[in-house]
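**Q** quick one: sequence and predicted model below, then my questions.
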Amino acid sequence: MNDRFVCCVQTSNTVLRLAAVVALVCLIAIGSFSTAFADSHEMEDEKAEEKPMEEKPNITGWFQVDVDSLGTYFLIGATHPIGGVSFDSNIYVNDHFGEFDVGVSFPVVKGDNLTLILLPMLGVGFDYTTANGPDSLFPQIFAFLPAGKIYGFHWTIGTVRSIFDSESLNELYTRNYLTYALNETVAVGPQAEAVLGLGDGGGLWALNFGGRLNIGYGENNTLGLYVGYETKKEEDSHEMGEEMEMAEEESSGASGWFRTDTDSLGTQIWVGASHSPSFLGGLSLDTDIYVVGTFGEFDIGLGIPVVDSDSMSLSFLPMVGIGFDYAAANGPSSLIAPQLFTYLTAGSIYFESWIQGFFNSPFDYGDDAIYTRNFVLLSLNDTLSVGPQVEVTLGLGDDGGLSSLIPGLRVNAGYGENNTIGVFVGFETKKGDDETGITGRMTFVRTW
């Protein structure tokens, strides 16, 4: 029994010694590793000190205060370059309303004399007077065009409230201006703004145009003043004046339209009207203005109704136009003639054809061309129409020929009374080797 006890004691002592040795070895190993780890970090720090500091991304920002019919509101934004892509974000606050927008900017053209940047964004807004979460969505696109002393700005933003409140109306707002730098401090130019209500009860709510003045207020500071005339102003005049205005409209038989197109030419704005004075004997006098970038065009023609019945209507509109590129003070730049527009409605079928001649060479403004656009639509219901479309551009002269041929599909959707949005997706058969060929156009038309 004693022998067994002694043996157990000896065995226990041996185990304790081994444990102590193992513990000591572990402590030495840990101490050595800690010293080596510290030394390696010191070496890394020394090497890091020897290396030049890496450049941080060039984040640019801006702060803006606006005072207009909406009140006084503030905007703060920044551009974040991440992996070769510029992410843009901003915050807008006005009283109890806050909005956050985010997007990606695309340098479409980047040169010494001309730069074009497109910035599509999507925003979400909150009305903090109520705890109901998001109030509206804001799909939008910005276009910035610095070209020497010319600066162009375009902004189109949609306000979508109906998905949060079925009784609310959606709207579309656009702001466009073009300024010319008189010197390093002052720039002036025209500006136009429009607000379109969408859906039932919508319409052209605001259309104002005027002059803009930008003044440099020291380094990186700009003061902007816009003075415009609101054509859709609220009438405080007497009822007699309103009745006279309505009588004048009825007697003149004038109708009009507003249109925006976005395609390979950029975002274009059209405004036109059709006048039916009695002395024309059933014909109409049609005029329109077309603007894109620094280019403006005025067209005039005669509307000729060939067939006008309950089942079918057919009309022709020959026109002639003159174009001016206001980037240079050289007078006319293009003769847009002849032009022929054809409109055919037959039940649920609608056909439209454009044929236009562009004669630029007499003004040393480029090559001459013939352009045609043709589409047929089948009305599926009161809102949606679909059908094929084809566009062709023929260059004239010694170096002319078929320069563009785009077949595709068009969809027209009603956006409330007298509003139509059109989307065309086509394939450019004369595409470049590095292009997919997918192209198209987005159109919004408002008639009255």
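**A** That came through, no problem.

**Q** just the pLDDT for the spatially most central residue of the chain.
**A** Centroid-nearest residue in the chain, with Cα atoms, centre = their mean: residue 141, separated by 2.8 Å. You'll see residue 141 listed with a pLDDT of 93.

**Q** once you drop chain neighbours, what's closest to it?
**A** residue 120 (4.8 Å; Cβ to Cβ, 6 or more residues apart in numbering). Just so you know, the C-beta spots here come from the backbone N, C-alpha and C atoms, and that holds for glycine as well.

**Q** hang on, the earlier thing: can you confirm the residue nearest to the centre of the chain is in a helix?
**A** No - read with DSSP: H, G, I helix; E, B strand; the rest coil, residue 141 is strand and lies in no helix.

**Q** pretty sure the residue nearest to residue 141 is touching residue 101, no?
**A** No - using Cβ atoms under 8 Å, residue 120 and residue 101 do not qualify as a contacting pair, with a distance of 10.4 Å.

**Q** what's the overlap in contacts for these two?
**A** Here residue 120 and residue 101 have residue 140 as joint contacts, going by Cβ atoms under 8 Å, 6 or more residues apart in numbering.

**Q** neighbour-wise, which of those two wins?
**A** residue 101 (21 against 14; other Cβ atoms under 10 Å).

**Q** CA atoms only: put stretch 305-313 into PDB for me.
**A** Extracted C-alpha coordinates of stretch 305-313, given in PDB (Å, rounded to 0.1, in the frame of the first residue of the first chain):
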ATOM      1  CA  PRO A 305     -56.300  68.100 -94.200                       C
ATOM      2  CA  VAL A 306     -56.900  65.600 -97.000                       C
ATOM      3  CA  VAL A 307     -59.400  63.300 -95.300                       C
ATOM      4  CA  ASP A 308     -61.300  64.100 -92.100                       C
ATOM      5  CA  SER A 309     -64.000  61.600 -91.100                       C
ATOM      6  CA  ASP A 310     -65.100  59.600 -88.100                       C
ATOM      7  CA  SER A 311     -63.200  56.500 -89.400                       C
ATOM      8  CA  MET A 312     -60.100  58.000 -90.900                       C
ATOM      9  CA  SER A 313     -58.100  61.300 -91.000                       C
END
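
**Q** give me the contact list for that stretch.
**A** 282, 283, 284, 314, 315, 316, 343, 344, 345, 346, 347.

**Q** who wins on neighbours among these?
**A** residue 284 (20 neighbours).

**Q** hey, what's that residue bridged with?
**A** Beta-bridge partners for residue 284, by DSSP bridges, are residue 303.

**Q** for the helix or strand encompassing residue 374, which positions count as buried?
**A** Applying DSSP states H and E as the criterion places residue 374 in strand 369-379. Buried residues in strand 369-379, defined by neighbour count with 16 or more other Cβ atoms under 10 Å: 369, 370, 371, 373, 375, 376, 377, 379.

**Q** for residue 198, which residues are in contact?
**A** So residue 198 contacts 169, 170, 171, 172, 415, 416, 419 (Cβ under 8 Å, 6+ apart).

**Q** out of those residues, which sit inside strands?
**A** Among these, DSSP state E puts 170, 171, 172, 419 in strands.

**Q** so which of those comes closest to residue 199?
**A** residue 170 (6.0 Å; Cβ to Cβ).
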